[in-house]
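Asker: coordinates for the following, if possible.
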Amino acid sequence: MSGMNGTHHVPPETRTFLAKQARRHKREHCCGHRTALDAVAKLHRFDNWKQVADGVSRWERTRRLFESGCVVAFEMKELEGSNLSEAGFVEESGLSFHCNDSLFEHIRNSIDERDAAGRPFRETEPDEVTRDIHENDLFSLCFFHLESADDSAPNTPESVHELLRHVAFWRPVHIWLDGVHHPVGPDANGAVDYHQSSVVVDGYYDGEGEDIWHDGFGLDSSV
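Answerer: Sure, this is the predicted structure:
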């Protein structure tokens, strides 16, 4: 599996599957262990077995970041003018693999706006159609993890919002804290509701011709 930047991220179960194939290849072709591993790796479009092993290491690293930290996802088109590194956030495309399941469930539970009864996609579309929608949406997202000491890491979506408001013009569309998904949506007053599970939204322009948003995103922290 390749990340959005072409770097391989390999689940451990894929390595186990390939290793079994390599043992079979070794018996059938009477070759050395390393030769068999490299041969099977190339059959699956890797350069060699080392690339598989390195991919597993990347997978495990991003899994730890996802399960024991703060991860946010932004729409790529909404990152212009943002400098998330000032708040300690680092881009990591491999996080998409670990966020994948919760994002798919989010789409399934989202309201199908074409449905007059306001039902979620899980009731209006088969999963294969919803999966296509999900995969298209996934490619529009950019993932970041927060590098911080354990004692200073945010532990609520609101605290993540507070970290980001002075470095991002738009709010993130998804937040994960220790692997728990928190979609970002509006409440009835147009404020951020971190427990809303069916809608993701853009920021709210103040209507006065200034680049300031009601929720604080886009404000210059030096002012």
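Asker: so the protein: which segments form each domain?
Answerer: Here the domain parsing of the chain from automatic domain parsing is 12-62, 68-193.
Asker: how near is the residue in the chain sticking out farthest from the centre to residue 43?
Answerer: Largest separation from the mean C-alpha position in the chain: residue 30, at 43.1 Å (CA atoms, centre = their mean). Separation of residue 30 from residue 43 (CB to CB, to the nearest Å) stands at 18 Å. Quick note: C-beta positions are derived from backbone N, CA and C, even for glycine.
Asker: now residue 124, nearest residue through space, not along the chain?
Answerer: Leaving out its chain neighbours, the residue that sits closest to residue 124 by CB to CB, 6 or more residues apart in numbering is residue 112, at 4.4 Å.
Asker: same check, this time on residue 176
Answerer: residue 71 (4.2 Å).
Asker: that older thread, so the residue nearest to residue 124 touches residue 130, yeah?
Answerer: No - using CB atoms under 8 Å, residue 112 is not in contact with residue 130, being 9.3 Å away.
Asker: now the common contact residues for the two.
Answerer: residue 121 (CB atoms under 8 Å, 6 or more residues apart in numbering).
Asker: which residues are in contact with the residue farthest from the centre of the chain?
Answerer: With CB under 8 Å, 6+ apart, residue 30 has no contacts at all.
Asker: now it: phi and psi?
Answerer: Main-chain torsions, residue 30, degrees, to the nearest 10: phi 50, psi 50.
Asker: ok, residue 123 - contacts?
Answerer: Residue 123 sits next to residue 112 when contact means CB under 8 Å, 6+ apart.
Asker: if I look at it, how far off is residue 155?
Answerer: To residue 155, residue 123 is 34 Å away according to CB to CB.
Asker: now do residue 69
Answerer: For residue 69 relative to residue 155 (CB to CB), the value is 11 Å.
Asker: the two: who's more crowded?
Answerer: Comparing residue 69 with residue 155 by other CB atoms under 10 Å, the one with more neighbours is residue 69, at 19 against 10.
Asker: can you pull the contacts of the more buried one?
Answerer: Contact analysis of residue 69 by CB under 8 Å, 6+ apart lists 145, 146, 153, 178.
Asker: same question, residue 181
Answerer: Residue 181 makes contacts with 99, 102, 103, 105, 106, 174, 175, as judged by CB under 8 Å, 6+ apart.
Asker: one more time with 6 Å
Answerer: Residues in contact with residue 181, defined by CB atoms under 6 Å, 6 or more residues apart in numbering, are residue 102.
Asker: name the helix or strand for it, please.
Answerer: Secondary structure from DSSP states H and E places residue 181 in strand 180-183.
Asker: now swap in residue 98 and tell me
Answerer: Using DSSP H and E, residue 98 sits in helix 95-109.
Asker: again with residue 171
Answerer: Per DSSP H and E, residue 171 falls between elements, in no helix or strand.
Asker: list the buried ones in the host helix or strand of residue 176?
Answerer: Assigned by DSSP H and E, residue 176 belongs to strand 174-177. For strand 174-177, burial by neighbour count (16 or more other CB atoms under 10 Å) applies to 174, 175, 176, 177.
Asker: perfect, that will be all.
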